[in-house]
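J.: what follows is a predicted protein model with its sequence.
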Amino acid sequence: MNEFRNLPQMFFQRARSHSDGTRYLSKRDGRYVPSTWNECRRAVEEIASGLIELGLKPGDRIAILSATRPEWMEADFGALAIGCITVPIYPSNLASECAYILVDSGASAVFCENASQAEKIRNAVESGIEIDGEVHRVPVEHVILFDGRMEGCSSLEELRERGARALEANRAEVEARTNAITADKIATIVYTSGTTGVPKGVLQSHGNHLAAVQAIGKIGVVKPGEIDFAFLPFAHSFGRLLEYMGVYLGTTTAFAERIDTITQDLAQTRPHFLPSVPRIFEKIYAGIRQTRGAASPVARRIFDWALAIGKKRAEYVNKGAPIPALISALDGIAHRLVFVKIHNLVGGRMRFFISGGAPLATEINEFFHAAGLPVLEGYGLTETTPILTCNRPGQTRIGSVGVPIEGVELRIATDGEILAKGPNIAHGYHRKPEATAEAWDAEGWFHTGDIGTIDSGFLRITDRKKELIKTAGGKYVAPQKIENLLKSRPMISQAVVIGDRLKYCVALLTLDEAAVAAWASAHGRVPGNISDPEFVAAVQREVDAVNSNLASFETIKKFAILPKDFSIETGELTPSLKIKRKVIEKNYAADIARLATG
């Protein structure tokens with residue numbers, strides 16, 4: 001049973017009980033400034049009142065097109081408080097992608113971060129969008145800017161001022177609308193990031209979100225007043241979960257200034273836990289391994305000794321077993337000699353990481369556990385709002401994604417697909433009954449599209465059902481497992497394994513710039529020359545190291561070194577940093593053909 005009827009009720013109750021406590025930290029003029037729960041509540045109330053003045057009604061759709069920032073959260077709760085449905089849009093989306101979401105959702109108002117984002121909306125409104133051969137008008141009537149000014153748009157400041165003037169007159173209306181929202185009402189339409197085609201709008205209810213955050217609360221790993229760190233896009237369901245989790249648990253949210261300032265921001269805000277997708281942990285790990293590689297032989301031996309001791313300690317911790325006195329004492333020495341530097345890198349008081357959105361390589365996971373920065377890896381999808389399972393302190397199996405959260409049931413279908421039921425499972429896809437019927441069966445089980453196994457309650461993901469490779473020899477290969485192994489090698493940044501209907505598996509590789517520069521310096525070679533035979537041989541040794549842990553039919557027979565990383569801008573990554581296989585295969589079709597036949 002939900003503790004609250006809806007999300008805005010949760011927010012207002014938490015704001016009243018925490019009042020002068022710090023709700024979030026945001027950077028202004030180069031330094032972090034606190035904002036109280038009362039200040040946040042006032043912003044939400046003024047936005048809600050301002051939206052009423054604009055004529056927004058319960059059930060109306062309001063889109064939010066912005067990077068993660070405090071105003072995103074305040075606009076979200078302001079819209080929800082008056083019974084509207086919010087529609088998040090990634091700031092990296094193209095104008096045509098924004099137009100599709102606005103038309104499909106029927107959004108009549110949009111919060112935009114700045115004039116650059118608002119220009120996408122203006123273009124969409126002026127030109128419309130063609131869907132299935134028919135041109136559709138974009139229904140947006142109101143555009144509100146968080147920053148700056150633009151003709152034909154309102155600013156957030158103006159909206160709040162208008163809302164503040166009418167707040168006393170509208171207060172009863174806001175309360176009435178909030179109180180009228182039941183748990184089964186749709187709170188948000190979240191569009192999938194589209195790794196396999198046109199995005200689908202997932203219908204997530206207030207009850208779905210409340211079930212998820214309450215289940216997390218019962219795990220008991222997050223304490224009120226602790227600092228969490230927000231840089232993931234709130235347009236992504238994982239980021240949205242963290243928004244609502246912070247409110248439910250009463251944490252202080254530190255907002256990253258930008259994704260490229262994360263290291264400095266972590267040092268300044270000193271959070272207690274860091275939720276992230278694997279890509280960030282991969283980059284931190286690669287940097288640490290690079291530092292280790294450049295150290296003296298004595299320093300490397302000390303590092304490796306500390307890592308071995310840390311792994312022994314982690315084995316006991318993850319099972320919830322007492323740590324033997326000798327291992328505990330040695331681990332204390334390892335921490336002072338090696339691991340304290342890693343802890344300081346992420347602020348100095350980090351208790352754990354949370355990883356979701358994609359699989360994390362076992363080697364990287366084991367490393368952070370050994371360093372005393374355990375990664376609690378979880379699993380879920382946008383359609384599960386977005387959590388199904390997670391590891392917990394004292395109940396962790398590295399290589400798994402943990403056990404189900406409260407209320408979730410799992411089962412494995414005959415073909416290996418993971419099926420799920422629970423109060424956090426979304427209500428279906430917006431305006432797509434056929435897709436809904438395909439994903440939600442007659443018995444109410446949601447078909448995740450992922451392949452997995454359950455061992456003693458712990459779920460392990462082996463691959464995506466639609467991404468399994470079948471070689472020309474009839475062997476099935478799980479590419480994500482191999483890609484994670486490749487990415488754990490110091491010189492390799494990103495990897496895509498291809499082998500469907502080929503005689504063997506091949507890989508497209510991008511490289512870690514720092515590791516490549518260090519190699520070039522150590523060997524007297526020109527950095528960045530990816531055709532240098534010595535350099536290619538060095539990368540081949542990295543691939544060989546991975547191949548030694550694979551079955552013969554899984555091994556990478558040939559690879560291509562690409563000149564740059566995959567990116568969101570090129571369309572090769574989703575906004576949540578997942579690879580788009582079809583786009584990559586199209587962009588590098590000539591390289592793949594050469595590898596397959598050369």
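T.: In hand now; what should we look at?
J.: for Arg171, which three-state class applies?
T.: Secondary structure, DSSP: H, G, I helix; E, B strand; the rest coil: Arg171 is helix.
J.: how many neighbours does it have?
T.: 13 (other C-beta atoms under 10 Å). C-beta coordinates here come from the backbone N, C-alpha and C atoms, glycine included.
J.: wait, what's in contact with it?
T.: With contacts taken as C-beta atoms under 8 Å, 6 or more residues apart in numbering, Arg171 has the following neighbours: Glu45, Ser49.
J.: quick one, domains of the chain?
T.: With automatic domain parsing as the criterion, the domains of the chain are listed as 7-181, 300-337+368-465, 468-597.
J.: which of these has the lowest mean pLDDT?
T.: The minimum mean pLDDT among those belongs to domain 468-597 (a mean of 88).
J.: so where do the helices sit in the stretch 201-350 of the chain?
T.: Using DSSP state H, counting those that start in this stretch, the helices found in the stretch 201-350 of the chain span residues 206-219, 237-249, 262-269, 278-294, 297-319, 325-334, 340-345.
J.: so which of those helices is nearest Ser92?
T.: helix 237-249 (13.4 Å; C-beta to C-beta).
J.: now do the closest one: distance to the chain's middle.
T.: Centre-to-centre, helix 237-249 and its host chain are 12 Å apart (C-alpha atoms, centre = their mean, to the nearest Å).
J.: report all helices and strands that it contacts.
T.: For helix 237-249, the packing partners by 3 or more C-beta pairs under 8 Å, 6 or more residues apart in numbering; DSSP states H and E come out as helix 7-18, strand 186-191, helix 206-219, strand 227-230, strand 252-255.
J.: can you redo the domains of the chain as TSV with distance to Asp260?
T.: Below are the domains of the chain laid out as TSV (distance: least, C-beta to C-beta, whole Å):
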stretch	distance to Asp260
domain 7-181	12
domain 300-337+368-465	22
domain 468-597	13
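J.: can you say which of those is nearest to Ile219?
T.: Closest to Ile219 of these, according to C-beta to C-beta: domain 300-337+368-465, at 5.5 Å.
J.: residues in contact with Glu572?
T.: Going by C-beta under 8 Å, 6+ apart, the list of residues near Glu572 reads Phe566, Ile579, Lys580, Val583, Ile584, Asn587.
J.: need the pLDDT of Met1.
T.: pLDDT for Met1: 66.
J.: most neighbours, which of the contacts of Glu572?
T.: When neighbours are counted by other C-beta under 10 Å, Phe566 leads those with 23 neighbours.
J.: highest average neighbour count across the helices of the stretch 201-350 of the chain?
T.: For those, average neighbour numbers computed from mean count of other C-beta atoms under 10 Å are highest in helix 237-249, which has a mean of 24.
J.: can I get that helix in CSV, CA atoms only?
T.: Extracted C-alpha coordinates of helix 237-249, given in CSV (Å, rounded to 0.1, in the frame of the first residue of the first chain):
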residue,chain,number,x,y,z
SER,A,237,13.8,7.0,-16.1
PHE,A,238,16.9,6.2,-13.9
GLY,A,239,17.4,9.9,-13.4
ARG,A,240,13.7,10.5,-12.7
LEU,A,241,13.8,7.7,-10.1
LEU,A,242,16.6,9.6,-8.4
GLU,A,243,14.6,12.8,-8.5
TYR,A,244,11.7,11.2,-6.7
MET,A,245,13.8,9.1,-4.4
GLY,A,246,15.6,12.2,-3.1
VAL,A,247,12.3,13.8,-2.2
TYR,A,248,10.9,10.6,-0.6
LEU,A,249,14.0,9.9,1.5
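J.: those helices in the stretch 1-150 of the chain, which residues are they?
T.: So, for the stretch 1-150 of the chain - with DSSP H, counting those that start in this stretch - the helices run 7-18, 37-53, 70-81, 95-105, 115-127.
J.: where do the strands of the stretch 451-598 of the chain begin and end?
T.: For the stretch 451-598 of the chain, the strands defined by DSSP state E, counting those that start in this stretch occupy 458-464, 469-470, 476-477, 492-498, 505-511, 556-561.
J.: redo those strands as a markdown table? Include distance to Ala329 and mean neighbour count.
T.: Shown next, in a markdown table, are the strands of the stretch 451-598 of the chain (distance: least, C-beta to C-beta, whole Å; neighbours: other C-beta atoms under 10 Å):
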| stretch | distance to Ala329 | mean neighbour count |
| --- | --- | --- |
| strand 458-464 | 31 | 19 |
| strand 469-470 | 48 | 16 |
| strand 476-477 | 45 | 18 |
| strand 492-498 | 37 | 24 |
| strand 505-511 | 40 | 22 |
| strand 556-561 | 43 | 18 |
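J.: what sits against the closest residue to Leu249 other than its chain neighbours?
T.: Take Leu249 and drop its neighbours on the chain: the residue closest to it by C-beta to C-beta, 6 or more residues apart in numbering is Val222, 5.1 Å away. Residues near Val222 by C-beta under 8 Å, 6+ apart: Ile216, Asp228, Met245, Leu249, Thr251, Phe273.
J.: mind checking how far the most far-flung residue of the chain relative to its centre is from Glu53?
T.: Distance from the centre of the chain peaks at Ala169, with 39.9 Å (C-alpha atoms, centre = their mean). Ala169 sits 10 Å away from Glu53, going by C-beta to C-beta, to the nearest Å.
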